[in-house]
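Student: model the structure of this input:
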Amino acid sequence: MKTTKTVRDILSRYEGETPGVKAKLHSILMQGRLGGTGKMIILPVDQGFEHGPARSFAVNPDGYDPQYHYKLAIDAGLNAFAAPLGLLEAGADTFAGQIPTILKANSANSLMSGTAGKDSAVTASVDDALRLGCAAIGFTIYPGSDMALGMMEEIREIRAEAASVGIATVIWSYPRGEGVSKDGETAVDIAAYAAQIAALLGAHIIKIKLSTDHLENPEAKKVFEAEKIDITDQAARVRNCMDAAFAGRRIVVFSGGAKKGANSVFDDARAIRDGGGNGSIIGRNSFQRPRANALEMLGKLVDIYKGRD
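Tutor: Prediction:
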């Protein structure tokens, strides 16, 4: 497929980047049923680390097989597939070149004690990403955690190494930890702050959560109220987060969260589209459904992002 004007315009916003990084972003933006539109859907399967196998895959046992997820992402016509090292290795030869992959380079787990602090271990390297032919590396940071500064230093080094060999960086920017309340993890002012931090760290693609109309930070709340910033609906809150991502100069995708009804997933996608977001990174809401249902739902999401619904 010939590169579209939309994709050329998006890539032009990444000034100072190497041709290799832009080529990898191009491969993601031009892949699948949304190729060339500037919108994207990514399948992430790192939940086995984060939540454990039973909570992740027992509801749809096909998901225990790493190759199931490769096939789902490819057959649904998605833009990319993201997973930790071992899972990507388990299908890297069979599916080489069929879909851009994102190597999740750090992970946490739910077996840590409640007093351990919100942090993640580095579990893969840029060399691993090169060996597996990945388009990008993925890395989680926890703004609000007492461990956040160390995580930012880790991704600065990994991001620089990745860019030097033409690999893009996706930052999962998830507020949590000692500095934010539970409601604050999805507060609109905190979500926008998380997007800004990821952009400032050099993320090429930013992953954040959809937000609520809660305002967590008292000083930010004063500004939102004084400037009458619209946060009345989800599309408006998406727009606010896109503003925080360098006025939309960075690609931002929004996570799907825990499994929920299909109509809620579709409503989220419409809000992301209408708010100027770039798309969805949707894991449990796809692979925890039977394959036929997942393909139907993902096909509907494609139609929504194409403006057909």
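
Student: can I assume I206 sits in a strand?
Tutor: Yes: according to DSSP: H, G, I helix; E, B strand; the rest coil, I206 belongs to a strand.

Student: most distant residue from the centre of this protein?
Tutor: A226 (31.5 Å; CA atoms, centre = their mean).

Student: tell me where the stretch 1-150 of the chain has strands.
Tutor: 40-44, 80-83, 101-104, 106-107, 121-122, 136-141 (DSSP state E, counting those that start in this stretch).

Student: picking up where we left off before, and the residue farthest from the centre of the chain, what's its pLDDT?
Tutor: On pLDDT, A226 comes in at 98.

Student: how far away is D62 from I190?
Tutor: The spacing between D62 and I190, counted by CB to CB, to the nearest Å, is 36 Å. C-betas here are computed from N, CA, C, even on glycine.

Student: so which of these two has more stuff around it?
Tutor: Per other CB atoms under 10 Å, whichever of D62 and I190 has more neighbours is I190, with 28 against 15.

Student: pull out the buried residues from the helix or strand of the chain with the lowest mean pLDDT.
Tutor: The helix or strand of the chain with the poorest confidence is helix 47-51; it has a mean of 90 (mean pLDDT, DSSP states H and E). If you call a residue buried by 16 or more other CB atoms under 10 Å, then helix 47-51 has these buried ones: 47-50.

Student: by contact count, what packs against that helix?
Tutor: Here helix 47-51 touches helix 53-57, going by 3 or more CB pairs under 8 Å, 6 or more residues apart in numbering; DSSP states H and E.

Student: residues making contact with the helix it packs on?
Tutor: Residues outside helix 53-57 that contact it (CB atoms under 8 Å, 6 or more residues apart in numbering) are 47-48, 63-64, 284, 287-288.

Student: how about those residues, which pair is most distant?
Tutor: Distance extremes for the contacts of helix 53-57: the farthest pair is Y64 and R284 at 14.3 Å, using CB to CB.

Student: so those two - more neighbours on which side?
Tutor: Counted by other CB under 10 Å, Y64 and R284 do not tie: R284 has more neighbours, with 23 against 12.

Student: nearest residue to the more buried one in space, ignoring adjacent ones along the chain?
Tutor: K259 (4.8 Å; CB to CB, 6 or more residues apart in numbering).

Student: do the same with R33
Tutor: Closest to R33 by CB to CB, 6+ apart is G77, at 3.5 Å.

Student: return the distance of the one you found relative to L298.
Tutor: Note on G77: its distance to L298, by CB to CB, is 8 Å.

Student: look at the two and report which has more neighbours.
Tutor: Set side by side, G77 and L298 show more neighbours around L298, with 24 against 17, by other CB under 10 Å.

Student: so which strand or helix has that one?
Tutor: Secondary structure from DSSP states H and E places L298 in helix 291-305.

Student: could you name the helices and strands sitting against that helix?
Tutor: So helix 291-305, by 3+ CB pairs under 8 Å, 6+ apart, packs with strand 40-44, helix 66-75, helix 262-274, helix 284-287.

Student: for the ones you listed, which one sits closest to R308?
Tutor: R308 sits nearest to helix 262-274 of all the helices and strands packed on helix 291-305, at 10.8 Å, using CB to CB.

Student: now the element after the closest one, going C-ward?
Tutor: Once helix 262-274 ends, the next helix or strand along the chain (criterion: DSSP H and E) is strand 279-281.

Student: and that next one, what does it pack onto?
Tutor: strand 40-44, strand 251-255, helix 262-274.

Student: just give me how far it sits from the chain centre.
Tutor: Computed by CA atoms, centre = their mean, to the nearest Å, the separation of strand 279-281 from the middle of its chain amounts to 7 Å.

Student: pretty sure S27 is touching A135, no?
Tutor: Yes: the pair S27 / A135 is scored as a contact, 5.3 Å apart, by CB atoms under 8 Å.
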